[in-house]
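K.L.:
just to be clear, the model below is a prediction. Sequence and coordinates:
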Amino acid sequence: MLKFAIFLLFISVSFAQVRVRMEVRELIRPDGSRAQGLQDFIDGVRCVMNMRGTTRGRSEWDEMSSLHFSQAGLNHGFTRFLPWHRLFLLGMEEAMTRCLRRPVTIPYWNSAIDASITGGVRRSPLFRHLDGEGRCVFNATVAIPQPHCLSRSFDNSLNLATREQVARLIETDDFETMTSGLEGFVHGTPHVFIGGDMRNMYSSNDPIFYMHHANVDRIWHTWQALHPGNASTFTGFSPVSRREASVSDRMSIGYGSKYARDRTVRELLSISTLGYSYSTGPTPVREAPAPATGGTSRRLLDDRSESSSGKVKVQLKYLEPLPADWVQHNNLDPVSLERRREKVNRYTSWLNSIPNYFPRVIGRDVKYFRSRSRREYEERANFLIDTVKVYKAERKNEKEGGRGGNGTGNFRPNNGRSTGTGNRNTGNRNTGNRNTGNTNRNYPNRSSRN
């Protein structure tokens, strides 16, 4: 009894410190082995999968999955999607921590990085450590909705959202609009792409579910940081109370409440008060470039085109429609989703039309990933945000027929967060001017190697 009390004290002290959820690639060493954080997560998953639940024939993993499955109709397609899943992740972290008797923090999987991998998402290091597609992946048998082998079946017809597209989806100060874009494509496409259990409402059978939802939670947190005035906003319709949603609404994970107590939305709005934060994410480390041979070996993708500078430009892929049955099961509005998809694809087409805009490419020369510095993170985040602002300013100018206003001739992305539409201070970034309608725009020379 004394040992158990000491353990509980240890856990309470450990979790009183801010836990950092890291991207899975930050937890894979250069030699391909797992760092402790990833190993702890995998050990935690196996531990909870082998812990007997209260229902005969079920593990604690099954009990938590059953909870997600049974409450799916209430927590998808509504704005409570975000706070409820935030609480659900906290519950699983605590379940794994109690099972292993050491702190476990769920890593996040930033699927936008995998959208940039040459050769396809299958090459993601994620699947080397949590298995790829097939039956009985992760060597797991699960009980929800009926006993079966955990399965995955990749759907290569879908493209994962890139970081540019994610930035466009959440570039709004309206909470409900942001939630719709985030839940629809950033959240939905990886579910459908992985397939198998992940394509259904018992998706929480799959360990990747938790890493994926940690990324969704991270993006919500990022949006809150970008819009501090709306960080505590929670609106929409509540299917529980059948009225307007409120920060006083109570979130409960039922059976899992023994791991994470019921909380109001207000209590779930700040991750710092919940005791965790997110890392700045990984950046690729590449091997030294091989000497030029004069051949055509650099043409690794069919969708590459030459820029005027002689560099290889990769065309960003467009978002595909989500399957109608998946949209329906998640209570999502197909008309609204299609409008969002068209909006993002117009932005994608605009980026593809810029000769010297070089999206990120993760080729076979990437040796491993390292954690980004805070400065690297902020520079990239600000660049993506400012790029969306440039696009929106040009769209507005086109709609107005170029009449009135300041125009966007000198509107250029930079590292800072200035917001005017006149001549922007670009620091050390060599940008040049932008001219609406000019297909030879001088754009920030952002190498695909970044």
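P.N.:
Everything's here; your move.

K.L.:
count of neighbours near Gly134?
P.N.:
Residues lying near Gly134 (other C-beta atoms under 10 Å) number 13. In this view, the C-beta of every residue, glycine as well, is placed from N, C-alpha and C.

K.L.:
partners of it in the sheet?
P.N.:
Gly134 forms beta bridges with Arg152, as assigned by DSSP bridges.

K.L.:
surely it meets Arg152?
P.N.:
Yes: with contact defined as C-beta atoms under 8 Å, Gly134 counts as touching Arg152 (6.6 Å).

K.L.:
overlap in contacts of those two?
P.N.:
Residues touching both Gly134 and Arg152 (C-beta atoms under 8 Å, 6 or more residues apart in numbering): there are none.

K.L.:
domain ranges for this structure, per the record?
P.N.:
Annotated domains of the chain cover 15-278, 373-450 [automatic domain parsing].

K.L.:
hey, least reliable of those by pLDDT?
P.N.:
Mean pLDDT per stretch puts domain 373-450 lowest among the domains of the chain, at a mean of 59.

K.L.:
what is the helix or strand that contains Trp350 packed up against?
P.N.:
Of the helices and strands defined by DSSP states H and E, Trp350 is found in helix 334-352. With contacts taken as 3 or more C-beta pairs under 8 Å, 6 or more residues apart in numbering; DSSP states H and E, helix 334-352 sits against helix 163-169, helix 175-181, helix 324-329, helix 374-399.

K.L.:
so for Asp31, which of the ones you listed sits nearest?
P.N.:
With respect to Asp31, and counting by C-beta to C-beta, the nearest of the helices and strands packed on helix 334-352 is helix 374-399 at 23.5 Å.

K.L.:
now the closest one, how far from the centre of its chain.
P.N.:
Counting by C-alpha atoms, centre = their mean, to the nearest Å, helix 374-399 is centred 19 Å from the centre of its parent chain.

K.L.:
next: stretch 233-250.
P.N.:
Averaging C-alpha coordinates over stretch 233-250 and over its chain gives two centres that are 25 Å apart (C-alpha atoms, centre = their mean).

K.L.:
tell me which residues in it are buried?
P.N.:
233-234, 236, 238-240, 245, 249 (16 or more other C-beta atoms under 10 Å).

K.L.:
repeat that for stretch 385-403.
P.N.:
Going by 16+ other C-beta under 10 Å, stretch 385-403 has these buried residues: 386-395, 397.

K.L.:
closest one to Asn200 out of those, please.
P.N.:
Using C-beta to C-beta, the buried residues of stretch 385-403 come closest to Asn200 at Val388, 33.4 Å.

K.L.:
my guess is the closest one contacts Arg168, does it?
P.N.:
Yes: shown here, Val388 and Arg168 form a contact pair, counting by C-beta under 8 Å, at 5.6 Å.

K.L.:
before we move on, back to that, what's the closest of the buried residues of stretch 233-250 to Glu338?
P.N.:
So of the buried residues of stretch 233-250, ranked by how close each gets to Glu338 (C-beta to C-beta), first place is Gly236, at 19.8 Å.

K.L.:
what about the residue positioned nearest the centre of the chain, distance to Phe237?
P.N.:
With distances taken as C-alpha atoms, centre = their mean, Asn215 lies nearest the centre of the chain, 4.0 Å away. According to C-beta to C-beta, to the nearest Å, Asn215 and Phe237 sit 26 Å apart.

K.L.:
swap in Ala225?
P.N.:
As judged by C-beta to C-beta, Ala225 and Phe237 stand 26 Å apart.

K.L.:
before we move on, the earlier item: tell me the most buried of the domains of the chain?
P.N.:
By mean neighbour count, with neighbours taken as mean count of other C-beta atoms under 10 Å, domain 15-278 ranks first of the domains of the chain at a mean of 19.

K.L.:
residues touching Asp131, list them.
P.N.:
Taking C-beta under 8 Å, 6+ apart, one finds 137-138, 152 in contact with Asp131.

K.L.:
helix, strand, or coil at it?
P.N.:
coil (DSSP: H, G, I helix; E, B strand; the rest coil).

K.L.:
figure out the helix or strand that the residue lying closest to Trp326 once chain neighbours are set aside lives in.
P.N.:
Spatially, and ignoring its direct neighbours in sequence, Trp326 is nearest to Val192 (5.7 Å; C-beta to C-beta, 6 or more residues apart in numbering). Assigned by DSSP H and E, Val192 falls within helix 188-194.

K.L.:
contact partners of that helix?
P.N.:
Outside helix 188-194, the residues that reach it (C-beta under 8 Å, 6+ apart) are 109, 111, 121, 133, 152, 154-156, 158-161, 198-199, 203, 206, 208, 212, 319, 322-323, 326-327, 330, 332.

K.L.:
and the nearest residue to Ile271 once chain neighbours are set aside, how far is that from Ile354?
P.N.:
In this structure, Ile271 finds its nearest non-sequential neighbour in His221, 5.5 Å apart by C-beta to C-beta, 6+ apart. Look at His221 and Ile354: by C-beta to C-beta, they are 30 Å apart.

K.L.:
just the buried residues of stretch 233-250: which are in helices?
P.N.:
Among those, no member falls in helices (DSSP state H).

K.L.:
which of those fall within strands?
P.N.:
Those of the buried residues of stretch 233-250 mapping onto strands are Ser238, per DSSP state E.

K.L.:
do a quick rundown of the strands in the stretch 51-200 of the chain.
P.N.:
134-135, 141-142, 148-149, 151-152 (DSSP state E, counting those that start in this stretch).
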